[in-house]
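Peer 1: Give the three-dimensional model of this entry:
(one chain, ligands or ions: 1)
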Amino acid sequence: MMLRTARLAAAALVLAATSAPAAEYELGDLVLDTPWVRATPPAAEVAGGYVTITNTGEEPARLVGGEAEFADRVEIHEMAMRDGVMRMRALADGLAIPAGESVALEPGGYHVMFMELTAPLAAGDTVRATLRFEPAGAIELPFAVAPLGASRPPAE
Ligand SMILES: [Cu+2]
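Peer 2: Okay, here's the model as predicted:
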C-alpha cells in the first residue's frame, strides 16, 4: 500500500512537471482529471464527454451514470470494433474503476454520452454535469467544451 501511494505520488509529480496545470477533482478515493466535452452542431442530439478517473483506494469503484443541465439523459458508453465496424453501446452496469488503477474516457473508447441535448454545446464554453459513482456518490464537474470533433481537451 505504501509502495502504491509512493508510485501515485511520483506519477503526479511527473505529470505536474510536464504538462499544463490539470483540472483535478476529488470524490472520496477517486480523482477526476480534466473533464471535457465536444462541441455539437446545432441539431445534434448527443455529445460525448471525457475524463480520466483514478481510483486511489483499496476498493473497486464504478461509474454508473449522471445528470446534466444540458441533456435529458446521461449514459456510460463504450466504443468497440464489432464485425469490423466501430460501434458504441451502453454499459448497463456502468464502468468499473479497479482499485489502484486509472481508466481514461476518451474519443474512440469509453465515454459519457449526453443524450437528448437541450442546447448545443459551443466551443470555449464550460458546462456542468454530475457523474455518479458507486460507492462514492455523485460529483458535479465543469466540462470544458472543445471544438467540434476535437480529439483532446481544449488547452487551458
Ligand atoms: Cu456513445
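Peer 1: C-alpha from now on. contacts and neighbour counts both.
Peer 2: Fine.
Peer 1: So which bits of the protein are right by the ion?
Peer 2: His77, Met113 (C-alpha under 5 Å from the ion).
Peer 1: quick one, helices of the chain?
Peer 2: 2-18 (DSSP state H).
Peer 1: Go ahead and flag the most central residue of it.
Peer 2: By C-alpha atoms, centre = their mean, the chain has its centre lying nearest to Val51, at 2.6 Å.
Peer 1: Read off the pLDDT value for that residue.
Peer 2: Per-residue pLDDT puts Val51 at 98.
Peer 1: Likewise for Val14?
Peer 2: 47.
Peer 1: what do you get for Ser102?
Peer 2: pLDDT recorded at Ser102 is 98.
Peer 1: can you check Pro142 too?
Peer 2: Per-residue pLDDT puts Pro142 at 97.
Peer 1: Grab the nearest non-local neighbour of it.
Peer 2: Arg128 (4.6 Å; C-alpha to C-alpha, 6 or more residues apart in numbering).
Peer 1: cool, and Glu75?
Peer 2: Excluding the flanking residues, the one nearest Glu75 by C-alpha to C-alpha, 6+ apart is Met113, at 5.1 Å.
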